[in-house]
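Visitor: No letters, just coordinates:
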């Protein structure tokens, strides 16, 4: 009611919603709420935004995904989309199907992996206890990263050192709101190269030099900016470049390719009933579905694991698995923790600061309890991305990356659309570790 009576309203969400199994459908519901209350394309409301200045490097052009849905995908036998029609339409790969193919060789064997700054074992994948042996089965692995991570240590046949942001030029922005330039401050250390140079030099080896119309990194960025009215140099000489917003574009024919009023949908209207979802075998309406593991959907499992587990809350000083090796950042948050209500902790015989095991039917992790009334009594919130670089590579534990890795309790499984994950919606129990 407050949203409906407000002069304007918009919703902002991040990975907390995306990291549930059916977060895609939840996003539909949020947009429906904004449409019902007249908060689309109005000042202070939600906007049907284009890429900043038409540069769609970090933002898909509107309509391109759906336009490709009806086109045959080349070499469909090579596309491991896991049977998810939405991923098939987007020409995307299913992470769970990829992992299964790495483990079993079905529907075809995976023989090599190229991993670029993603530290899959420590952070970027559910069930790392499956990912680690699967990666070690590969015939050849290449890892590109800023430093020696657990993933690089465990499985890299070749480790390519990447330049950090201060060692390279680039383009940045908060799409679709702004566009800016990254100005190089220092020369790269040793043999470090930028991500872009690594990618297109590899492309030269595979496809030959003729595949790219540029000779240098600056030429590359000028090529990307070719339709924006900027060059890399002109963008670098100014502050952020902000495109002008035009409201109520649906009234002026600015959203549809044919220039007629309406939204860029098959009907021209805002589709609360979305017929395209039927193409993917999904409900055309934004209906609610309980997470696969919850006290409601899995009561038998909840008897053994009675607490709801959410993971991945951001901590000052860290970004995912980054900065554990930085003493100044590590002082802000020296050890892996989970948040638990004081009454819940007391019921399990746990005091603030106790080392505990969080476990469920998939795995377990070791973290220190931090009691707080900021969390629900039926829920615990666990850190993610932990490893211990102070141990050194000779320790034999891959920097202890599986000891406090909460991803071991999360299944490698998307939602029905092939999108989404279950990082925010698991069941668990907590037990104090007797010292």
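Guide: Yep, that arrived. In this text the structure is predicted, and so the values were computed from the model without any measurement.

Visitor: so where do the strands sit in the protein?
Guide: 112-116, 140-145, 158-161, 170-172, 180-182, 307-311, 337-340, 355-359, 364-371, 379-382, 426-432 (DSSP state E).

Visitor: which residues touch the first one?
Guide: Yep, that's strand 112-116 we're talking about. Here strand 112-116 makes contact (C-beta atoms under 8 Å, 6 or more residues apart in numbering) with 135, 138-145, 151, 155, 162, 195, 198. Placement of C-beta: from N, CA and C, glycine included.

Visitor: and what of the last one?
Guide: The list of residues contacting strand 426-432 from outside it, by C-beta under 8 Å, 6+ apart, reads 293-295, 298, 301-302, 304-311, 338, 340, 345, 348-350, 354-360, 369, 380, 409-410.

Visitor: So which bits of that strand are buried?
Guide: 426-430 (16 or more other C-beta atoms under 10 Å).

Visitor: ok, now the second one?
Guide: Within strand 140-145, the residues scored as buried using 16+ other C-beta under 10 Å are 141-145.

Visitor: do the same with stretch 391-402
Guide: 398-402.

Visitor: Which parts of the stretch 201-350 of the chain are helices?
Guide: Counting by DSSP state H, counting those that start in this stretch, the stretch 201-350 of the chain has helices at residues 217-224, 232-236, 276-279, 299-304, 327-332, 342-347.

Visitor: And the contacts of strand 112-116, which is closest to residue 260?
Guide: residue 195 (41.5 Å; C-beta to C-beta).

Visitor: Next one: the closest one from residue 206, what distance?
Guide: 17 Å (C-beta to C-beta, to the nearest Å).

Visitor: Mind checking which of these two has more residues around it?
Guide: The neighbour comparison of residue 195 against residue 206 (other C-beta atoms under 10 Å) goes to residue 195, with 15 against 7.

Visitor: Tell me who's in contact with that one.
Guide: 116-117, 144, 162-163, 168.

Visitor: what do you get for residue 339?
Guide: Going by C-beta under 8 Å, 6+ apart, residue 339 touches 313, 370-372, 374-375, 380-382.

Visitor: Which members of these are the farthest-apart pair?
Guide: Pairwise over these, using C-beta to C-beta, the maximum falls at 313 and 371, 15.6 Å.

Visitor: follow-up on the earlier one: from the contacts of strand 426-432, which would you call buried?
Guide: The buried subset of the contacts of strand 426-432 - by 16+ other C-beta under 10 Å - is 293, 295, 298, 301-302, 305, 307-311, 338, 340, 345, 350, 354-356, 358-360, 369, 380, 409-410.

Visitor: tally of neighbours for residue 383?
Guide: 24.

Visitor: wait, what's in contact with it?
Guide: 311, 313, 315, 333, 336-338, 367, 404, 406.

Visitor: change it to 10 Å
Guide: Residue 383 makes contact with 311-315, 318, 333, 335-339, 365, 367-368, 370, 404-406, according to C-beta atoms under 10 Å, 6 or more residues apart in numbering.

Visitor: ok, now residue 160?
Guide: 114, 116, 142-145, 152, 191-193, 195, 198, 202.

Visitor: What's opposite it in the beta bridge?
Guide: residue 144 (DSSP bridges).

Visitor: Quick check: of the contacts of residue 160, which lies closest to residue 286?
Guide: Taking C-beta to C-beta as the measure, residue 286 lies nearest residue 116 of those, at 34.5 Å.

Visitor: now the closest one: how far from residue 194?
Guide: 12 Å.

Visitor: Would you mind listing the residues touching both of those two?
Guide: Residues touching both residue 116 and residue 194 (C-beta under 10 Å, 6+ apart) are residue 162.

Visitor: between the two, which one's more packed in?
Guide: More neighbours surround residue 194 than the other of residue 116 and residue 194, with 21 against 13 (other C-beta under 10 Å).

Visitor: Okay, the more buried one and residue 200: tell me how far apart.
Guide: Residue 194 sits 10 Å away from residue 200, going by C-beta to C-beta.

Visitor: same thing with residue 144?
Guide: 13 Å.

Visitor: for residue 249, same thing?
Guide: Using C-beta to C-beta, residue 249 is found at 36 Å from residue 200.

Visitor: do the same with residue 306
Guide: From residue 306 over to residue 200 the distance is 52 Å, taken as C-beta to C-beta.

Visitor: Residue 15 contacts residue 424, doesn't it?
Guide: Yes. With contact defined as C-beta atoms under 10 Å, residue 15 reaches residue 424; the gap is 8.4 Å.

Visitor: Pull up the overlap in contacts between these two.
Guide: Common contacts of residue 15 and residue 424 (C-beta under 10 Å, 6+ apart): 23, 312-313.
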